[in-house]
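K.L.:
Next comes the sequence, and after it the predicted model I'd like to discuss.
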Amino acid sequence: MLVALLTAAAGVFYVRELRAELAESAQQLASANQGIADRDGTIKRMKDDANEKAMQQKQLDGTRAAIAFQLETVQQENRRLKSENAEIRAWADTPLPFDIARLHDTPAQTGADDYAAAVSDRTALHAPGDGPAH
């Protein structure tokens, strides 16, 4: 009888242990499923973002092509006018004033950082009363 009672008690503890393992496995499975869902959501967002970027790049390329075409048309018209008209040719061959030529030679500035990089420290403004820079 004692052996049967010990066997029953051991069986109860064994079943409890199995249920605890089953609950832990179910929790791990739920966590894994959530991780997979999160990963799939991230992949979908990245694909959508890549598709949007590709569409924006296509629009940008189209805009660049249109601008390049317009620029070429204007340049051709300028070359035609210059070759046909002596007065325009003489005006176009006149050298630009130094300050204008210097502005023309500076690279394109597309923001505050570009502007700050282009401004030379040597030509910084002096505080009033410091006298001339030279």
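P.N.:
Thanks, I have the structure now.
K.L.:
After the longest helix anywhere in the chain, which helix or strand is next? Please name it.
P.N.:
Longest helix in the chain, counting residues (DSSP state H): helix 2-84. Reading on from helix 2-84 to the C-terminus, the next helix or strand found by DSSP states H and E is helix 86-93.
K.L.:
Which residues does that next one contact?
P.N.:
81-83 (CB atoms under 8 Å, 6 or more residues apart in numbering). Quick note: C-beta positions are derived from backbone N, CA and C, even for glycine.
K.L.:
Go again with 7 Å.
P.N.:
For helix 86-93, contacts defined as CB atoms under 7 Å, 6 or more residues apart in numbering pick out 81-82.
K.L.:
Put the alpha carbons of it into CSV.
P.N.:
The C-alpha coordinates for helix 86-93 follow below in CSV (Å, rounded to 0.1, in the frame of the first residue of the first chain):
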residue,chain,number,x,y,z
ALA,A,86,27.6,90.4,-83.4
GLU,A,87,26.3,92.7,-80.6
ILE,A,88,25.4,89.7,-78.5
ARG,A,89,28.7,88.0,-79.3
ALA,A,90,30.6,91.1,-78.2
TRP,A,91,28.6,91.3,-75.0
ALA,A,92,29.1,87.6,-74.3
ASP,A,93,32.9,87.9,-74.9
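K.L.:
Report the distance from the helix or strand just after it to the chain centre.
P.N.:
Note on helix 86-93: by DSSP H and E, the next helix or strand toward the C-terminus is helix 98-105. Centroid separation for helix 98-105 versus its chain: 32 Å, with CA atoms, centre = their mean, to the nearest Å.
K.L.:
Also stretch 50-63?
P.N.:
13 Å.
K.L.:
quick one on the thing from earlier: orientation of the longest helix of the chain relative to helix 86-93 in degrees?
P.N.:
130 degrees (axes from the mean of the first three to the mean of the last three CA atoms, to 10 degrees).
K.L.:
what about helix 2-84, distance to the chain center?
P.N.:
Offset of helix 2-84 from its chain centre (CA atoms, centre = their mean): 18 Å.
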